[in-house]
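[1] here is my input, please return the structure:
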Amino acid sequence: MKIENKLILNETAKTTKKTATNFDEILNANLNKKITSNEIENFKQELSKVGASGYLSKLNEDKIAQKLATKQAELEKILGLDDKNKDSLEKSRLSSLLKGFLGEYENSLNERENNTINERQNNLKRDGTFINLAELMSKI
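    Prediction:
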């Protein structure tokens, strides 16, 4: 039992170090990026126009669209849609196949994003419950 716990702790420590490194890399990359006051104003206007949840939804949509474009380029290359030796009938079949793949991939990405959002909401509800209980206990 102690050996299993130690192994779990070691794995957790490794994961935590990787996460911290990744966060530091992201933070440093963003800190080194120069942001103009015009970009800040555009951000403020966009945020006030659509609200926080709308802004996050737009960011998620943009991220999914970017992943779809990358996957489409990758699949077009794999399927050989740019091959001049293929006739139009074969290209149209491959194109419809590609559309099907991309539709499934988009559904997968949307489902994954919705699950992440639901998990975050559930965590907030759970954490909020503990805070309320703590407040109640402090008043007793």
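
[2] and the helices in this protein?
    Secondary structure of the chain by DSSP state H: the helices cover 2-32, 37-79, 88-139.

[3] average pLDDT across the shortest one?
    When pLDDT is averaged over helix 2-32, the result is 54.

[4] got it, and the longest one?
    For helix 88-139, the mean per-residue pLDDT is 78.

[5] elements contacting it?
    helix 37-79 (3 or more C-beta pairs under 8 Å, 6 or more residues apart in numbering; DSSP states H and E). C-beta: built from backbone N, CA, C; applies to glycine.

[6] the helix it packs on to helix 88-139, inter-axis angle?
    130 degrees (axes from the mean of the first three to the mean of the last three C-alpha atoms, to 10 degrees).

[7] what about E111, how many neighbours?
    Close neighbours of E111, defined as other C-beta atoms under 10 Å, add up to 10.

[8] E46 contacts L56, correct?
    No - counting by C-beta atoms under 8 Å, E46 does not reach L56; the two are 11.5 Å apart.

[9] E106 reaches L68, doesn't it?
    Yes - between E106 and L68 there is a contact under C-beta under 8 Å: 5.8 Å.

[10] tally up the residues packed near V50, please.
    V50: 13 neighbours (other C-beta under 10 Å).

[11] likewise for Q121?
    Q121 has 10 nearby residues by other C-beta under 10 Å.

[12] just L102 next, same as before
    The burial count for L102: 15, using other C-beta under 10 Å.

[13] and it, how far is that from S48?
    Applying C-beta to C-beta, to the nearest Å, the value for L102 to S48 is 34 Å.

[14] repeat for N107
    From N107 to S48 the distance is 32 Å (C-beta to C-beta).

[15] likewise for I35?
    For I35, the distance to S48 - C-beta to C-beta - is 18 Å.

[16] what do you get for N123?
    27 Å.

[17] ok, now E25?
    31 Å.

[18] one more: L98?
    If you go by C-beta to C-beta, the gap between L98 and S48 works out to 39 Å.

[19] who has more neighbours, the two?
    The neighbour count for L98 versus S48, taken as other C-beta under 10 Å, is higher for L98 (17 against 10).
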